[in-house]
Structures are given as structure tokens and as C-alpha cells.
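Undergrad: Here is a sequence together with a model predicted from it:
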Amino acid sequence: MSRNSLIRKVLQPFYTTWVILTFLLGFILVLPILFLFSFFDKIGARKAIFGIIRSWMGVWLWVIGMPVSVKGKFPGKNKFIIVANHISYMDTLVIFPAIPEYFRALGKKEVSKIPLIGFIYKQCVVLVDRSNPHSRAKSMRLLWRVLHHEANILIFPEGTFNETGAPLKDFYDGAFRLAINTQTDILPIILPDTVHRWHYDAWWRWWPGKNRAIYLEPVNVKGMKIEDLPVLRQSVYKKMEEELSKYM
């Protein structure tokens with residue numbers, strides 16, 4: 001075992017304890033405010049909840065030594081369907097301080113059942129049960145409505161963690177179908193560091209370091225039809241794969 005590996009093995013429990021304690025402290029502080037806003041099913045209330053979570057995550061990640069570093073910037077005030085790679089639980093935390101504009105995400109329904117965490121989760125996402133075709137169709141209708149009347153949409157097109165060893169897993173069609181149907185451009189973001197901050201194979205494998213969020217050029221979908229979906233999906237996949245490969 002190398003010297004660095006030995007140091008990490010010794011310090012890991014202490015660091016993980018620090019991460020958990022600071023998260024719980026922040027959670028206790030913000031929960032009453034989030035709970036209060038949750039009673040108002042209004043866009044303004046959801047934006048307030050988003051702003052609180054964004055600020056909390058930015059401060060907490062800095063406190064635990066995982067600051068978010070953004071390369072590029074959000075391109076203007078247009079609404080986008082934002083797509084990002086998914087390789088760690090950390091992705092869903094880093095994405096808040098990484099994106100300055102209000103968004104709502106497509107999220108797995110089962111996460112909403114986690115005590116307390118699920119409560120906050122439901123305030124930020126459009127829930128979907130991927131095993132249920134009716135739920136998938138309903139979530140697409142809700143996303144269409146959110147996109148037109150409320151916010152940007154965030155989707156992890158891989159659907160779940162990428163454990164393949166390749167830069168990306170195959171993409172699902174949902175984000176690209178929504179983009180074409182609503183004629184909304186796609187904004188790809190890559191997160192190359194999150195798997196090193198919190199590895200998916202163990203809940204306790206936290207380790208400090210940078211969390212880069214890298215904006216790629218938006219993908220224009222104007223004039224595309226549903227038969228162009230495979231080409232659009234592959235174009236975005238290739239763009240993200242090539243950029244991620246630079247960091248692997």
C-alpha cells in the first residue's frame with residue numbers, strides 16, 4: 001500500500017464524520033424555512049426553495065473542502081434542457097451551485113421516500129417511476145409545462161450511475177424527445193470530478209478536492225423533427241464523451 005493510500009485509509013473515517021455532521025447541521029438550519037415555503041405551491045415559493053438549497057450547497061461544499069469550480073457560463077436568459085453526466089451521488093449536490101439559473105430536474109420517485117431528504121427532493125424535481133409507462137408519460141407532460149411556464153429542465157440522460165468504465169453510458173431518449181417537441185436547445189454540462197469526491201460503490205467514500213462543472217456549447221434543435229432524435233442524441237453524446245475523455 002502506498003503512503004498516500006495509507007494516509008487516506010487512516011483519515012477517511014474522520015473526514016466522513018466531518019462531512020455528515022456539517023451536512024446535518026446545515027439541514028437542521030434550513031429545514032424549517034424549506035418546510036414553510038413548501039406549503040405554497042407557487043413558482044415563487046419553488047424559486048425560493050431553489051435559492052436556499054443552492055446557497056446551502058455552495059457553502060457546505062466549500063466547508064468540507066469540495067468547492068465547485070465552474071468553467072464557462074450559463075448562456076443568456078433563454079430556457080434550456082440541461083443534460084449532465086451521472087456517476088456519483090455528488091452530482092445532484094454539485095449541480096445546484098454549478099447552475100446560476102433556476103431549474104427543475106427529472107428525478108426518481110423512489111428517492112422521495114427517504115425520510116426528510118425525500119421531503120426536500122420533492123420540492124426540486126419532477127418525479128418519475130421509470131418502471132411505469134404511465135408515470136413516464138405523465139412526467140414528460142409535466143416537464144413540458146415547467147419548461148414553458150417556469151424553469152429550465154435538468155435531466156441526467158444516462159438515467160442512473162455510469163459504472164461501465166467508459167466516459168458515458170448510453171443515453172435514454174427522454175431529454176432529446178422533449179427538446180425536439182418543445183424546440184428547446186440543449187445545454188450539456190460535464191462533471192468530471194464527482195466520482196472522486198463521493199464514489200458510488202460505498203456511501204462512506206467521501207474525499208476532499210475540487211468539483212469542476214464544465215459548460216459545453218449549446219446544441220441548437222430549431223427545425224428538428226422527431227425522426228431526427230437519434231442523430232441529436234448521438235451528437236450530444238459524442239460532444240460530452242469527447243470532453244469527458246480529456247479528464248479521465
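TA: Looks like it arrived, so ask away. Numbers count the residues shown, from 1 in each chain.
Undergrad: got the contact list for the helix-or-strand element of the chain with minimal mean pLDDT?
TA: For the chain, counting by mean pLDDT, DSSP states H and E, helix 117-124 ranks last in confidence among helices and strands (a mean of 74). When contacts are defined by C-beta atoms under 8 Å, 6 or more residues apart in numbering, helix 117-124 is touched by residues 31, 34-35, 37-38, 46, 49-50, 53, 104-105, 107, 111-112, 114. Bear in mind the C-beta positions are built from the backbone N, C-alpha and C, glycine included.
Undergrad: Tell me the buried residues in that helix?
TA: 120-124 (16 or more other C-beta atoms under 10 Å).
Undergrad: So which of these is the closest to Trp198?
TA: Tyr121 (16.8 Å; C-beta to C-beta).
Undergrad: Pull up the gap between that closest one and Gly26, please.
TA: For Tyr121, the distance to Gly26 (C-beta to C-beta, to the nearest Å) stands at 16 Å.
Undergrad: got TSV for the buried residues of helix 117-124, with distance to Val195 too?
TA: Output for these, formatted as TSV (distance: C-beta to C-beta, whole Å):
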residue	distance to Val195
Ile120	23
Tyr121	21
Lys122	26
Gln123	26
Cys124	22
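Undergrad: Out of those, flag the one nearest to Lys169.
TA: The closest of the buried residues of helix 117-124 to Lys169 turns out to be Tyr121 (C-beta to C-beta; 22.4 Å).
Undergrad: For the spatially most central residue of the chain, which residues are in contact?
TA: Residue closest to the average C-alpha location in the chain (C-alpha atoms, centre = their mean): Thr92, at 3.9 Å. Applying C-beta under 8 Å, 6+ apart, we find Thr92 in contact with Ala105.
Undergrad: A helix includes it, no?
TA: Yes - under the criterion used here (DSSP: H, G, I helix; E, B strand; the rest coil), Thr92 sits inside a helix.
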